[in-house]
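*Asks:* what shape does this take:
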Amino acid sequence: MNVSTGGDPIALVMAGAAGVVFDKDGTLFDLDARWYPFFSGIIDDVAERMGDESLPVVLTKLLGVTEGGLVIDGLAAVGSVSEIGTRIIEELVSLGHDSDLARATVGEAAADARFGPVAPIGDIAGTLRALADRGFRLGIATSDGVVNTRDELVAHDLVDVFDPVRCADDGGPVKPDPAVLLQIAAEWNVAPADIVFVGDSRQDLATAQSAGTRFVARCDPTATPTWAAAAADAVVGDIAELVRNSPSPMSGPWAMNGGARLWWQRTPGPIGGTRLLLINGLGSPSVAYQQGFVDRFVEVGFDVVRFDNRDVGRSSRSVDEYDASDMAADAIAVLDSVGWDDAVVFGQSMGGMIAQQLAIEYPERVTHLVSLMSSTGNGRVGGSDPAIREALLAVAPDDRAGWLDHRVETERFWASPDLWDPAWVRAKGAEMFDHGVDPAGTQRQYAAVLRSPVRDDMLQTVQVPALVMHGAADTLIDPSAGRHTADCLANARYVEIDGLGHDLPPGMWARLVDEVAAFVTTPSP
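*Replies:* Take a look at the predicted model:
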């Protein structure tokens, strides 16, 4: 996973996540404090009742109980009470003991055994509520039973924090069955890849890997197990690190399109203002439309919504292939979430392709189409130099400084030549990085563009009023693509802007906003 978090592994795993599912014992509560007295008592009691002095050695090995506590991946640590009881009975029978006596003895020993204290690992209540305040959904997947789990959550005033809570005896799947996490993902209506599972054992890791979620190992950071160091996305000694090291709050608002979760923000205009939806280009989060640009729209009467496309910013990362049609449906989900029946739809570059698809598939939701520095997908127009395409597709570093250096180095290839300002490019890049970028997600978006059909014929059916703008100095998508787009549309106006490259420098904001405002307020022929 590559996201704008400065390379910190905990921030990396938390960025863009929709929710966190926790194992309980060993992750939230001290495993040994609670369970060591219980299983030690059972072992001693069974040995005494059965009159077999060899049983303590046999059963401690079977359950993974040592003088120092429970073996982290042992049966006592990861199994359910029912499973453990069955395994003890089977072991007694294999040693020649009567099965009925073994079953009765184990049942009586379990009934008489006493738990140790419930000891939280750190300030779990404060941490969990902080995560909830940041917009994360929280759940539990435990091998413990419903009664124990409920009692512990009640004792620590955490009942209202988790939804759902999955226990070993609630009739549903049990770890390591990945279905326990997949069902939670379905209930939350998010992709498994947008869930972080936090656990303390190899079983927890295996469950996360099989389900396709992210995984954080909770263990002693001074003695990190080899399996955790090798396979976990991050390792914490205390779940509070999830809050201290996570990116900016992941609060919504959110729109949902199937498994895609889209983060959006609104800059309200005057009452009754013209509704404007801005759609971003390749690899760009919503803040790539800078606030100053948005404010200019508001000043001339627009009510503006921006959102993060899937695979960038605070929106979810995709696990399945998608195309422009899917991304157009994402935009519809945003309109629905905002509560808008329709809007002026403005898209830049890849965003223009999505806006075109929106007008094709959902014309009733688009009052006006604005396609800026974009293309219909027809490869016969809009070509660029191979070196420029190579710069576009070069994978950026994950770290902040490296990503910003990469942005300045590559942006110059297609920037507006007379307005090139490396300091502005770096400052805008810092806004984008801090909001959330994802180099791997950019590659998935580009694959979606390539996967999408050419829109020439489909655009000819679009009757929505359209403004097609293109920079005369665009070296990334040649202006021939803009002219061709306008030719494909039945009701289009084409504007070619001298000096504009494939960027949005402040020196061009007034011209672009004025063109859109004039277009929207001019009656269609």
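*Asks:* for the rest of this, base every contact and every neighbour count on C-alpha atoms.
*Replies:* Noted.
*Asks:* show me what contacts Phe39?
*Replies:* Phe39 makes contact with Val65, Ala76, Ala113, according to C-alpha atoms under 8 Å, 6 or more residues apart in numbering.
*Asks:* can you list those in TSV and add neighbour count?
*Replies:* Below are those laid out as TSV (neighbours: other C-alpha atoms under 10 Å):
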residue	neighbour count
Val65	25
Ala76	24
Ala113	17
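*Asks:* and of these, the nearest to Ala359?
*Replies:* Nearest to Ala359 among these, counting by C-alpha to C-alpha, is Ala76 at 59.0 Å.
*Asks:* do I have it right that Ile184 meets Gly172?
*Replies:* No - at 11.1 Å, Ile184 and Gly172 do not qualify as touching, with contact defined as C-alpha atoms under 8 Å.
*Asks:* when the two are compared, which one has more neighbours?
*Replies:* Neighbours were counted for Ile184 and for Gly172 using other C-alpha atoms under 10 Å; Ile184 has more, 24 against 12.
*Asks:* okay, now the unreliable bits of this protein?
*Replies:* The model of the chain has pLDDT under 70 over residues 1-8, 245-252, 524-525.
*Asks:* mind listing what's buried in the lengthiest helix in it?
*Replies:* With secondary structure taken from DSSP state H, the chain has its longest helix at helix 31-50. Neighbour counts over helix 31-50 (16 or more other C-alpha atoms under 10 Å) mark 31-47, 50 as buried.
*Asks:* show me the contacts of Phe39 that map onto strands.
*Replies:* Per DSSP state E, strands hold the following members of the contacts of Phe39: Val65.
*Asks:* the stretch 351-500 of the chain: strands as residue ranges?
*Replies:* Ranges of strands in the stretch 351-500 of the chain, per DSSP state E, counting those that start in this stretch, are 366-372, 466-471, 492-497.
*Asks:* just put those strands in TSV and tack on mean neighbour count and distance to Leu276.
*Replies:* Formatted as TSV, the strands of the stretch 351-500 of the chain follow (neighbours: other C-alpha atoms under 10 Å; distance: least, C-alpha to C-alpha, whole Å):
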stretch	mean neighbour count	distance to Leu276
strand 366-372	25	9
strand 466-471	26	14
strand 492-497	18	18
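*Asks:* and the helices in the stretch 401-525 of the chain?
*Replies:* All helices of the stretch 401-525 of the chain, identified by DSSP state H, counting those that start in this stretch, fall at 422-435, 439-451, 456-459, 479-488, 509-521.
*Asks:* domains of the chain?
*Replies:* 9-29+118-244, 31-112, 254-521 (automatic domain parsing).
*Asks:* endpoint to endpoint, the second one covers what distance?
*Replies:* Spelled out, it's domain 31-112. With C-alpha to C-alpha, to the nearest Å as the measure, the ends of domain 31-112 fall 20 Å from one another.
*Asks:* stretch 462-475 now?
*Replies:* First-to-last residue span, stretch 462-475, C-alpha to C-alpha: 28 Å.
*Asks:* same thing with stretch 254-272?
*Replies:* Note: stretch 254-272 ends 23 Å apart using C-alpha to C-alpha.
*Asks:* and that stretch, what's buried?
*Replies:* Trp254, Ala255, Met256, Asn257, Gly259, Ala260, Arg261, Leu262, Trp263, Trp264, Gln265, Gly269.
*Asks:* cool, and stretch 272-282?
*Replies:* Thr274, Arg275, Leu276, Leu277, Leu278, Ile279, Asn280, Gly281, Leu282.
*Asks:* which phi and psi does the third one have?
*Replies:* When quoted as degrees, to the nearest 10, the phi and psi of Leu276 stand at phi -130, psi 120.
*Asks:* then the second one?
*Replies:* Main-chain torsions, Arg275, degrees, to the nearest 10: phi -80, psi 130.
*Asks:* next one: the last one
*Replies:* Phi and psi for Leu282, reported as degrees, to the nearest 10, are phi -60, psi 120.
*Asks:* pretty sure it sits against Arg444.
*Replies:* No - the pair Leu282 and Arg444 fails to qualify as a contact (C-alpha under 8 Å) at a distance of 9.7 Å.
*Asks:* would you turn the strands of the stretch 351-500 of the chain into CSV with distance to Thr105?
*Replies:* CSV is the format used below for those (distance: least, C-alpha to C-alpha, whole Å):
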stretch, distance to Thr105
strand 366-372, 72
strand 466-471, 80
strand 492-497, 84
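*Asks:* nearest to Asp457, out of those strands?
*Replies:* strand 492-497 (14.9 Å).
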